[in-house]
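In: Show me how the following folds:
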Amino acid sequence: MENGAVYGPTTEENPGPARGGRSGLAAYFSLGRLRLHRRLFKVLQLLLSLLAFVCEEVVSQCTLCGGLYFFEFVSCSAFLLSLLILIVYCTPVYDRVDAVKVKSSDFYITLGTGCVFLLASIIFVSTHDRTPAETAATVFGFLASFMFLFDFASMVWEKQQESQMRKPEATRRTEATEPLNA
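Out: From the prediction side, this is the model:
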């Protein structure tokens, strides 16, 4: 009996385009569209808002429940919105939509979520019963809201840097169109 009849070759000479370093879901996931600090902010927003939501869900009873329910809604919404933005930035969806609209949406969603999350955390800390789960939820809520606001400040700073880089070009154009003896 020959080996060729029972066993096939153990290695392929030309594996084809479907195989390689990145295949499956990893081939569709890329973190390269965000700078390192923005990536860190986005991941922290996601994790901290999830932790705030989970800690809030552990609370079994409350005296003044309005703050708890508002915090629950905001923390869950913040988690889902940060997950959505991260998915858009890290998948081929980003290539299919207008990049300016994605950045604009991210800018306003981050600002709105950070402000509302901060407000919800303040309301919840003033109405909670001081159980360990509620305290942990408020700490994670404040940290998450600060991550959203720091990310927003980072986007404002980046926009300011871009406008300063463009400003010298605009002044050169106006100088070129003015007469020399004016």
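
In: if I look at the spatially most central residue of the chain, how far off is R96?
Out: With distances taken as C-alpha atoms, centre = their mean, K42 lies nearest the centre of the chain, 3.2 Å away. As judged by C-beta to C-beta, to the nearest Å, K42 and R96 stand 20 Å apart. For every residue, glycine as well, the C-beta is placed using N, CA and C.

In: ok, back up a step: quick one, what contacts the residue nearest to the centre of the chain?
Out: By C-beta atoms under 8 Å, 6 or more residues apart in numbering, K42 lies in contact with 34, 82, 85-86, 89, 151.

In: Next, P92: phi, psi?
Out: phi -60, psi -10 (degrees, to the nearest 10).

In: coming back round to it: so which of the contacts of K42 is the most crowded?
Out: S82 (28 neighbours; other C-beta atoms under 10 Å).

In: If you count contacts, what does the helix or strand hosting that one end up packed against?
Out: When elements are assigned from DSSP states H and E, S82 belongs to helix 65-90. Judged by 3 or more C-beta pairs under 8 Å, 6 or more residues apart in numbering; DSSP states H and E, the packing partners of helix 65-90 are helix 36-58, helix 99-127, helix 132-177.

In: just to revisit the earlier point, just give me the closest of the contacts of K42 to E57.
Out: Of all these, E57 sits closest to S82, with 17.5 Å by C-beta to C-beta.

In: Next, the contact list for the closest one, please.
Out: Taking C-beta under 8 Å, 6+ apart, we find S82 in contact with 42, 45-46, 49, 113, 148.

In: Can you lay out these as TSV showing distance to S104 and pLDDT?
Out: Shown next, in TSV, are the contacts of S82 (distance: C-beta to C-beta, whole Å; pLDDT from 0 to 100):
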residue	distance to S104	pLDDT
K42	16	94
Q45	18	96
L46	20	96
S49	21	97
T113	15	97
F148	16	97
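
In: ok, of those residues, which one's closest to T138?
Out: Distance to T138 across those (C-beta to C-beta) is lowest for S49, with 12.9 Å.

In: winner for burial among the helices and strands packed on helix 65-90?
Out: Scoring these by mean neighbour count under mean count of other C-beta atoms under 10 Å gives helix 36-58 as the most buried, with a mean of 19.

In: Can you show me the CA trace of that helix as PDB?
Out: C-alpha atoms of helix 36-58 as PDB (Å, rounded to 0.1, in the frame of the first residue of the first chain):
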ATOM      1  CA  LEU A  36      -4.300  55.500  20.200                       C
ATOM      2  CA  HIS A  37      -5.700  58.000  22.800                       C
ATOM      3  CA  ARG A  38      -9.100  58.000  21.000                       C
ATOM      4  CA  ARG A  39      -9.100  54.200  20.900                       C
ATOM      5  CA  LEU A  40      -8.300  54.100  24.600                       C
ATOM      6  CA  PHE A  41     -11.100  56.600  25.400                       C
ATOM      7  CA  LYS A  42     -13.600  54.600  23.300                       C
ATOM      8  CA  VAL A  43     -12.700  51.300  25.000                       C
ATOM      9  CA  LEU A  44     -12.900  52.900  28.400                       C
ATOM     10  CA  GLN A  45     -16.300  54.400  27.600                       C
ATOM     11  CA  LEU A  46     -17.500  51.000  26.600                       C
ATOM     12  CA  LEU A  47     -16.200  49.200  29.600                       C
ATOM     13  CA  LEU A  48     -17.000  51.800  32.300                       C
ATOM     14  CA  SER A  49     -20.600  52.300  31.000                       C
ATOM     15  CA  LEU A  50     -21.100  48.500  30.900                       C
ATOM     16  CA  LEU A  51     -19.800  48.200  34.500                       C
ATOM     17  CA  ALA A  52     -22.000  51.100  35.700                       C
ATOM     18  CA  PHE A  53     -25.000  49.400  34.100                       C
ATOM     19  CA  VAL A  54     -24.200  46.000  35.600                       C
ATOM     20  CA  CYS A  55     -23.600  47.400  39.100                       C
ATOM     21  CA  GLU A  56     -26.800  49.300  38.800                       C
ATOM     22  CA  GLU A  57     -28.700  46.200  37.800                       C
ATOM     23  CA  VAL A  58     -27.500  44.400  40.900                       C
END
